[in-house]
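Engineer: need the 3D shape of this:
(2 chains)
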Protein chains: 2
Amino acid sequence: MTETTDPGSRTSASAQGLQRIIISVDAMGGDRGPAAVVAGLGKSARKNKHIGFILHGDKDEIEPLVAKRPELKGICEVRHAEGVVTMTDKPTQILRTGKNTSMWSAIDSVKNGEAEVCVSCGNTGALMALSMMRLRKLPGVSRPAIAVFWPSRNPIGFNIMLDGGADIRADEMDLLQYALMGASYARNGHGIQRPRVGLLNVGTEEHKGRAEIKAAADLITDAAPVANFDYIGFVEGGDLLSDRVDVIVTDGFTGNVALKTGEGTAKMVNEALKDAFLATPLSRIAALLATTSLRRLKKRMDPRRSNGGVFLGLNGTVVKSHGSADATSFSAAIKLAFDLAQSGFNEKLAARVAYTPGDTQDAPALIEKKASAEE
Amino acid sequence: MTETTDPGSRTSASAQGLQRIIISVDAMGGDRGPAAVVAGLGKSARKNKHIGFILHGDKDEIEPLVAKRPELKGICEVRHAEGVVTMTDKPTQILRTGKNTSMWSAIDSVKNGEAEVCVSCGNTGALMALSMMRLRKLPGVSRPAIAVFWPSRNPIGFNIMLDGGADIRADEMDLLQYALMGASYARNGHGIQRPRVGLLNVGTEEHKGRAEIKAAADLITDAAPVANFDYIGFVEGGDLLSDRVDVIVTDGFTGNVALKTGEGTAKMVNEALKDAFLATPLSRIAALLATTSLRRLKKRMDPRRSNGGVFLGLNGTVVKSHGSADATSFSAAIKLAFDLAQSGFNEKLAARVAYTPGDTQDAPALIEKKASAEE
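Structural biologist: Numbering: from 1, shown residues only, chains lettered A, B, ... in the order given. Below you'll find the model as predicted:
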């Protein structure tokens, strides 16, 4: 099926006797270009026999890359798109003039039902703006959010934080919705049966923090028993990596700053460690002796293995891969997209965010309907 | 002079032929109690012949600790205070009923002119509230800020960020004042002749961010040539550790979350590294071989060596030491306090924040008056 524009890839794949989940991929817009993207798809295809792709972008550039990889033969349709959204394009501009871009086309494959999930490593702001316009928000959602991973001491190895930067504002109702969406994502996307939800603040005492955060704390406390999660109260920056919480709720401004601060700190410590091992002949020998242990450490801390921000609150799932993603990193984002598609979590999410403050144990019929939709 | 309540320590010290700078120290309220504080003073006294202390707290507990340290003999006055501000006390409560506490008494030594700087490792919120009430804000300052250090790749080894958590709100005028105060602090407290100032945001593009941040960018751009610093524009979370900026301006909510996130990340990487070296017999040998290099790395990354948030914007200097400070850490805060007192930076800061938007190159007399006060 390579090198065809026939949109019937999903059916064709099934006809070969395999029920494939189709992922729509924006091949353009990442810092490393389509070569890294196609290499990532190759990695994923070798590990997963139930995956297929619709790849959007410059046909002349992409098709030779796909043709070189036998593992992509028959499972990767290339869809030509003239335009590319760059990292410096303004989202508002793309909404007006971006119809010919690979990003727009990739999102539309989800809108049209050809693919289950869209993955892009392009401009985050433009990807969110286009996703909101083309897929529309779920009923009851005011601001969609980006859920990101944070390596942590939790048994599953990471925490979930949202909003990671979809919107710079969030009032108490938005923060409540983030809690509901985050808890549903943790349960249905990652198997955490009863997620512990915390609200990011400057202290754990009740009297601290901004007014909207204190108001959100009350709303989330009320929602927790109905929506089947534990609200653990305020958490601080250091808790983003702790094992006392699964889902951390914050506005997109704070979330984005925290995310980049954490990445920057880890990178600096890593570089300092490298310097230390290169400092003396003895330390170089030490580095050799510790190779295995250090490799294990590097793997554990490797942000490429938990690559992928998930847009929550839309009629369809969109995964944002890191702009500088290499093949390993992009393949991790594809795996996340596949897992989410397989779990059908977006339908369960839609059921969950239908909660409104005031829903209580006194409305058992409604609650049970929700719970059965989710579990 | 140990074990006396005579307030004339400053004179007495001078009478011994040494011109001592007196630091007022709150001995209580830290997680490790007065023993760690007194041990820290001992460390400082051994390294610095020009320092003296007024130590506030429970006399019965403190005096034996001081008496055990010959290096503190004759340079450490103990001032009895009955009460202690705990970490869970509400600042508003302390303002009403805290008159008998060691914290209140320590700040008053600066207010009365007995000491140059106050150092405490107690409750941050209470310390800021009391400092504002007792010392009052500098003319023209609306919200004082806490300036904190961030280990970085800069030649001086750290960046300065403010506000680290004095106030959870900041409008554009507050952010402008933080820029002015931060630049003056970098110049007069740390010898950076022409500080590079950046404004923390979710992206470096001009169209991004909250309204007050965009407005602040305009105000700071105008102020930079008059106040003699370089405004480098928006910076992101990762830049807190970079060498492209010296002073990072943000609101206290974001600053506090970023600070704790960075600390938490560094701590987690450190623990993971320890695990890696203990993993196998070979890696344990490696750790032995690399001892010197790893010790150097640890020293470079040790947050205890850059301990001390400085309260800017008050009539007097207050240094907040980390609540869990040990002797090494508390001694670092004392050294910072001494350096600031010696530089007389608070007077220069007062001259600097007298800038108001609209001051331009057209008012050379005013500018030159400021510049000479500052340089």
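Engineer: got the angle between the stretch of helix or strand A:L288 belongs to and helix B:281-289?
Structural biologist: Element membership for A:L288 (DSSP states H and E) is helix A:281-289. Per axes from the mean of the first three to the mean of the last three Cα atoms, to 10 degrees, the angle that helix A:281-289 makes with helix B:281-289 is 160 degrees.
Engineer: just checking, what packs against helix A:281-289?
Structural biologist: Secondary-structure packing of helix A:281-289 (3 or more Cβ pairs under 8 Å, 6 or more residues apart in numbering or on different chains; DSSP states H and E): helix A:252-278, helix B:281-289, helix B:291-301. (Glycine included, C-beta is placed from N, CA and C.)
Engineer: comparing those helices, which comes out most buried?
Structural biologist: Comparing the helices and strands packed on helix A:281-289 by mean neighbour count (mean count of other Cβ atoms under 10 Å in any protein chain shown), helix A:252-278 comes out on top with a mean of 21.
Engineer: on contacts alone, who are the packing partners of that helix?
Structural biologist: strand A:145-151, strand A:158-162, strand A:196-200, helix A:281-289, helix B:252-278, helix B:291-301.
Engineer: comparing these by mean pLDDT, which bottoms out?
Structural biologist: Looking over the helices and strands packed on helix A:252-278, mean pLDDT reaches its minimum on helix B:291-301, with a mean of 70.
Engineer: report the rounded mean pLDDT for the helix or strand that comes right after that helix.
Structural biologist: Toward the C-terminus, helix B:291-301 is succeeded by strand B:309-312 as the next helix or strand (DSSP H and E). For strand B:309-312, mean pLDDT is 93.
Engineer: could you list the low-pLDDT ranges of the stretch 101-250 of chain A?
Structural biologist: By pLDDT under 70, the stretch 101-250 of chain A contains no weakly predicted segment.
Engineer: wait, what's in contact with A:G238?
Structural biologist: B:K260, B:T261, B:E263, B:G264, B:K267 (Cβ atoms under 8 Å, 6 or more residues apart in numbering or on different chains).
Engineer: quick one, domains of chain A?
Structural biologist: As recorded under automatic domain parsing, the domains making up chain A are A:9-136+A:314-343, A:148-256+A:299-303+A:350-374.
Engineer: now those domains in CSV, please, with extra columns for distance to B:L297.
Structural biologist: CSV is the format used below for these (distance: least, Cβ to Cβ, whole Å):
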stretch, distance to B:L297
domain A:9-136+A:314-343, 26
domain A:148-256+A:299-303+A:350-374, 16
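Engineer: quick one, which of the ones you listed is nearest to B:F253?
Structural biologist: Among the domains of chain A, the nearest to B:F253 by Cβ to Cβ is domain A:148-256+A:299-303+A:350-374 (5.8 Å).
Engineer: now the helices and strands packed on helix A:281-289 as CSV including distance to B:L41?
Structural biologist: Below are these laid out as CSV (distance: least, Cβ to Cβ, whole Å):
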stretch, distance to B:L41
helix A:252-278, 31
helix B:281-289, 34
helix B:291-301, 22
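Engineer: between those, which one is closest to B:G344.
Structural biologist: Among those, helix B:291-301 sits nearest to B:G344 (Cβ to Cβ), with 30.2 Å.
Engineer: now A:I54: which helix or strand?
Structural biologist: A:I54 belongs to strand A:51-57 when assigned by DSSP H and E.
Engineer: list the helices and strands that strand packs on?
Structural biologist: helix A:9-15, strand A:21-26, helix A:33-47, strand A:76-80, helix A:102-111.
Engineer: hang on, the earlier thing: show me the one of the helices and strands packed on helix A:281-289 that comes nearest B:I21.
Structural biologist: helix B:291-301 (26.8 Å).
Engineer: can you name the residue of the stretch 101-250 of chain A nearest chain B?
Structural biologist: In the stretch 101-250 of chain A, the residue that lies nearest chain B is A:G237 (2.9 Å; Cβ to the nearest Cβ).
Engineer: wait, doesn't A:G198 sit right on A:G237?
Structural biologist: No: applying Cβ atoms under 8 Å as the test, A:G198 and A:G237 come out as separate, 11.5 Å apart.
Engineer: return stretch A:260-271 as CSV; C-alpha atoms alone will do.
Structural biologist: Extracted as CSV, the C-alpha positions of stretch A:260-271 are listed here (Å, rounded to 0.1, in the frame of the first residue of the first chain):
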residue,chain,number,x,y,z
LYS,A,260,11.0,22.9,31.1
THR,A,261,12.7,23.5,34.4
GLY,A,262,12.7,19.8,35.2
GLU,A,263,14.1,18.9,31.8
GLY,A,264,16.8,21.6,32.0
THR,A,265,17.8,20.5,35.5
ALA,A,266,18.1,16.8,34.5
LYS,A,267,20.1,17.8,31.4
MET,A,268,22.5,19.9,33.4
VAL,A,269,23.1,17.2,36.1
ASN,A,270,23.7,14.7,33.2
GLU,A,271,26.3,17.0,31.6
